[in-house]
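[1] Predicted model and sequence follow; I will ask about them next.
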Amino acid sequence: MKNLLVTGGAGFIGSAFVRHILRTYPNYHVVVFDKLTYAGNLNNLKEVASDARYSFVQGDIADRHTVEQAVKDHQIDTIVNFAAESHVDRSILTPDAFIQTDVVGTYVLLEVGRQYGITRFHQVSTDEVYGTISSGSFKEGDALEPNSPYSAAKASGELMARAYYETYKMDVVITRGSNTFGPYHYPEKIMPLFITNAIDNQPLPVYGDGKQVRDWLYVDDHAMGIDFVLHHGQAGQVYNLGGGNERYNIDITHQILNRLGKPESLIRYVTDRPGHDRRYSLDCTKLHALGWKPAHTFESALQYTVQWYVDNEWWWRPIKDGEFKEYYQRQYAERLKTAQA
Ligand code: NAD
Ligand code: TYD
């Protein structure tokens with residue numbers, strides 16, 4: 001592995017992965033291939049912008065010509081596909097882009113990868129492809145029962161990756177990561193939304209009863225887990241990549257308010273998300289047996305994350321003043337009007 005194409009590298013987890021790879025492997029070249037949608041942000045890559053081993057190509061993974069050009073120009077041998085529409089609530093409002101990027105885009109990358117003899121293709125997937133589980137934890141062989149347009153699109157993308165392994169013997173690995181948090185997270189997801197709203201003394205809109213459970217993984221651990229599977233995973237295999245930190249949404253909400261010294265009166269119980277998965281839980285025995293475990297504890301990573309948003313308003317304030325405002329209005333205005341304290 002020498003020349004990596006990192007699609008979606010200007011997003012939240014992709015940019016953490018790029019920073020990690022350039023820190024860790026002096027001989028690797030990283031080409032970030034990113035469309036720069038509302039979620040892509042070159043500020044996420046500021047730290048590496050002047051590194052001679054880093055290049056940036058603006059392009060759409062569903063546009064075969066641009067992908068081919070990048071693969072040829074940079075003699076790419078490895079593709080790590082982070083590029084996706086990634087937010088469940090937006091997939092409920094407007095599913096089209098999810099099909100285009102998460103399904104068609106993944107197919108185009110696989111096809112170009114096959115044509116140019118890529119030696120490894122890493123598909124970054126999600127625990128949401130399994131659907132919801134009331135007790136116990138999902139194992140890699142369990143059925144995929146995705147419930148949102150987002151998770152259905154992600155499941156489709158990874159099934160296509162699987163097919164390229166089975167049919168063409170392409171060297172494919174897949175990770176199913178759990179809910180990720182940390183710096184540079186677009187403030188539409190619960191953690192950065194609630195932290196930045198609380199900083200501004202704005203309401204925190206908790207969906208339904210707040211008793212849904214997510215398994216939280218710190219972003220650097222997610223990046224390092226992907227690095228580990230990229231280098232040590234077996235072709236054709238799927239690996240659950242979870243943090244082992246299951247928490248109720250309402251507990252996360254209280255923790256954020258406590259750490260910021262803000263009152264619980266900011267909490268609003270709002271109309272639930274349609275098709276809302278109750279609980280995600282991953283059995284990560286397979287990846288642990290291969291030799292990987294998260295390095296950060298949930299509490300210390302959460303404290304660091306909350307403080308990062310306090311210290312880095314330069315990063316998130318322009319985002320919240322831009323396209324985000326229109327989305328927030330659409331997603332929350334009615335909900336907040338009819339909310340319960
Ligand atoms: P993100 O929304 O922050 O970033 C997505 C990036 O992809 C952005 O930079 C965006 O510009 C780019 N992009 C979108 N469409 C594109 C296209 N058509 N062509 C090229 N680039 C495009 O997402 P994230 O949270 O960093 O997630 C990264 C990956 O990890 C996704 O595949 C997601 O499904 C997966 N994942 C995320 C989580 C999580 O909790 N955030 C958990 C598990 C898995
Ligand atoms: P989110 O951060 O959107 O990630 P995902 O849907 O991919 O798990 O949501 C995490 C949990 O938080 C999920 O159960 C929905 C809930 N949630 C709220 O209660 N209020 C909100 O405003 C958001 C964005 C999420």
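    Yep, that arrived. Ligands and ions are numbered 1, 2, ... in the order given.
[2] For the rest of this, base every contact and every neighbour count on C-alpha atoms.
    Fine.
[3] does ligand 2 sit close to the longest helix along the chain?
    Counting residues, the longest helix found in the chain (DSSP state H) is helix 149-168. No: residues of helix 149-168 contacting ligand 2 under Cα under 6 Å from any ligand atom: none, with a closest distance of 8.6 Å.
[4] Which other helices and strands does that helix contact?
    helix 88-93, helix 96-98, helix 106-115, strand 120-126, strand 172-177 (3 or more Cα pairs under 8 Å, 6 or more residues apart in numbering; DSSP states H and E).
[5] Redo those as JSON lines? Include mean neighbour count, mean pLDDT and distance to Asn44.
    Output for those, formatted as JSON lines (neighbours: other Cα atoms under 10 Å; pLDDT from 0 to 100; distance: least, Cα to Cα, whole Å):
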{"stretch": "helix 88-93", "mean neighbour count": "17", "mean pLDDT": "98", "distance to Asn44": "22"}
{"stretch": "helix 96-98", "mean neighbour count": "17", "mean pLDDT": "98", "distance to Asn44": "22"}
{"stretch": "helix 106-115", "mean neighbour count": "20", "mean pLDDT": "98", "distance to Asn44": "23"}
{"stretch": "strand 120-126", "mean neighbour count": "24", "mean pLDDT": "99", "distance to Asn44": "19"}
{"stretch": "strand 172-177", "mean neighbour count": "26", "mean pLDDT": "99", "distance to Asn44": "20"}
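[6] For ligand 2, find the nearest of the ones you listed.
    helix 88-93 (5.2 Å; Cα to the nearest ligand atom).
[7] got JSON lines for the helices and strands packed on helix 149-168, with distance to ligand 2 too?
    Putting the helices and strands packed on helix 149-168 into JSON lines (distance: least, Cα to the nearest ligand atom, whole Å) gives the following:
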{"stretch": "helix 88-93", "distance to ligand 2": "5"}
{"stretch": "helix 96-98", "distance to ligand 2": "14"}
{"stretch": "helix 106-115", "distance to ligand 2": "19"}
{"stretch": "strand 120-126", "distance to ligand 2": "9"}
{"stretch": "strand 172-177", "distance to ligand 2": "11"}
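[8] Which among the ones you listed is found nearest to His74?
    Relative to His74, the nearest member of those by Cα to Cα is helix 106-115, separated by 13.1 Å.
[9] Run the chain-centre distance for that closest one.
    Relative to its chain's centre, helix 106-115 lies at 21 Å (Cα atoms, centre = their mean, to the nearest Å).
[10] any idea how far Met52 is from Val30?
    Not quite, residue 52 is Ala, not Met. 10 Å (Cα to Cα, to the nearest Å).
[11] And these two? Which one has more around it.
    Applying other Cα atoms under 10 Å to Ala52 and Val30 shows that Val30 carries more neighbours, namely 25 against 9.
[12] what is the mean pLDDT for stretch 1-16?
    Mean pLDDT, stretch 1-16: 96.
[13] In that stretch, which residues are buried?
    Within stretch 1-16, the residues that qualify as buried are 3-16, counting by 16 or more other Cα atoms under 10 Å.
[14] what's the neighbour count on Asp200?
    For Asp200, the neighbour count with other Cα under 10 Å is 10.
[15] what do you get for Arg23?
    Neighbours of Arg23 (other Cα under 10 Å): 11.
[16] got it, and Ser300?
    If you count neighbours by other Cα under 10 Å, Ser300 ends up with 10.
[17] For the strand or helix carrying it, which helices and strands make contact with it?
    Assigned by DSSP states H and E, Ser300 falls within helix 298-311. The contact analysis (3+ Cα pairs under 8 Å, 6+ apart) places helix 298-311 against helix 190-199, strand 213-218, helix 249-260.
[18] Check which residues of the longest one are buried.
    For helix 249-260, a neighbour-count test (16+ other Cα under 10 Å) marks 249-250, 252-253, 255-257, 260 as buried.
[19] hmm, the helix or strand that that helix is followed by touching ligand 2?
    Per DSSP H and E, the first helix or strand lying C-terminal to helix 249-260 is strand 267-270. No: remark: strand 267-270 sits outside contact range of ligand 2, by Cα under 6 Å from any ligand atom, the gap being at least 8.1 Å.
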